[in-house]
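In: One predicted model, sequence on top.
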Amino acid sequence: MKLIASVILLMSAGAAQAAPPTVEYFPAPGAITGRPAPFSSAVRVGDVMYLSGQIGIGPDGKLPETFEGQAKQTMENVGAALKARGLDWGDVFKCTVMIADMKNWPAFNAVYVPYFPEGKLPARSAFGASGLALGAQLELECLAYAGPK
């Protein structure tokens, strides 16, 4: 019985001394609005990468005119954010979708699904939203596994 109590005590002491996960901030690249972004593009806490919401702003700083164009550019922007941190679509385990008009739900799914490896669709929440940043029709934020592979 003393041996079991000693083992439990040692395990508890080790757990209490475990360092909290480090938090790493990735600043947002250049300002879209002419001012620095008031957020990080991503934050890593332990083995989880939290990607800030992305909209369909293209390299030219403009939103495509069509919903499908914005959806595709949004996915490309998320993909670039993942790649910049050594991750890919197979690492994504949760997404949150904000759509200005829910009638575009099927159109978004048609663009979204092919980006993921077969059988690795992440958990997802979606909701209609009004007033998305810069007049976007869509915003997507994702969580990705960033631990050892």
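Out: That came in fine, so what should we check first?
In: After the helix-or-strand element of the chain with minimal mean pLDDT, which helix or strand is next?
Out: One helix or strand of the chain scores below all others by mean pLDDT, DSSP states H and E: helix 2-17, with a mean of 50. Sequence order places strand 23-27 as the next helix or strand after helix 2-17, per DSSP states H and E.
In: helices and strands around that following strand, which ones?
Out: strand 40-45 (3 or more CB pairs under 8 Å, 6 or more residues apart in numbering; DSSP states H and E). For the C-beta atoms, the positions are set from N, CA and C on the backbone; glycine is no exception.
In: ok, then the element right after the strand it packs on?
Out: The C-terminal neighbour of strand 40-45 among helices and strands, as given by DSSP H and E, is strand 48-54.
In: Residue 26 is in contact with residue 86, isn't it?
Out: No: judged on CB atoms under 8 Å, residue 26 makes no contact with residue 86 at a distance of 11.7 Å.
In: Compare neighbour counts for those two and give me the winner.
Out: Legend: neighbour count by other CB atoms under 10 Å for residue 26 and residue 86, higher for residue 26 (17 against 10).
In: ok, residue 92 - contacts?
Out: Residue 92 is in contact with 82, 116, 122, 142, 143, 144, counting by CB atoms under 8 Å, 6 or more residues apart in numbering.
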